[in-house]
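K.L.:
quick one, fold the following:
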Amino acid sequence: PMVALAALWLAETAALLFGNLVDSSLRPRFLFAAGALLVPLAGTLLAAMGRRLHLSRLHAVYRFLSTWCTICSVGYCFVFLMSGVVELFNIETEIIAYSLLDICVVGLSSLVITGASADLQVGLLPAQEAELSLYPGPHNHGFFPNPE
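P.N.:
Residues are numbered from 1 along each chain as shown. Model prediction:
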């Protein structure tokens, strides 16, 4: 799913980028395409992938980061709407808004990952433990042993 999520995010970003290169009459179509690509991306991030981390120490960090990245992606669409479609922002305001969004995505995500990694131990996720319990034998080579 990570490759599919990266492809969706790149397609959404490309729709906004190419929306700046066309006539202003066609820009709402690119904004709609970016929004349509954002819906499955957010749905996968917030719902489907979060189930794998259920009952894990990473669950709260993952939920925050996925929500934060979704909000920032909506922010990119909003800045495109204000600058490219409605033409409310001039070029300087657009550059500042995109720069602030970039700092928010990269900076805050890095801080959260760095802050959370001190408390977290590397171990198996509950979904991985459930999958390992399907196979007989002691799982002490390359994995943490089963609790039984």
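K.L.:
determine the longest helix present in this protein.
P.N.:
helix 59-80 (DSSP state H).
K.L.:
tell me the buried residues in whichever helix or strand comes after that helix?
P.N.:
Next in sequence after helix 59-80, counting helices and strands by DSSP states H and E, comes helix 91-103. Residues of helix 91-103 classed as buried: E94, A97, Y98, L101 (neighbour count, 16 or more other CB atoms under 10 Å). All C-beta atoms are positioned from the backbone trio N, CA, C, and that covers glycine.
K.L.:
what is the distance between helix 91-103 and the centre of its chain?
P.N.:
From the chain centre to the centre of helix 91-103 is a distance of 19 Å (CA atoms, centre = their mean, to the nearest Å).
K.L.:
that helix to helix 59-80, inter-axis angle?
P.N.:
170 degrees (axes from the mean of the first three to the mean of the last three CA atoms, to 10 degrees).
K.L.:
who does the following helix or strand past helix 91-103 touch, helix- and strand-wise?
P.N.:
Remark: after helix 91-103, the chain's next helix or strand is helix 109-117, criterion DSSP H and E. Packing partners of helix 109-117 (3 or more CB pairs under 8 Å, 6 or more residues apart in numbering; DSSP states H and E): helix 59-80.
K.L.:
buried set for the helix it packs on?
P.N.:
Buried residues in helix 59-80, defined by neighbour count with 16+ other CB under 10 Å: 59, 61-62, 65-66, 69-70, 72-73, 75-77, 79-80.
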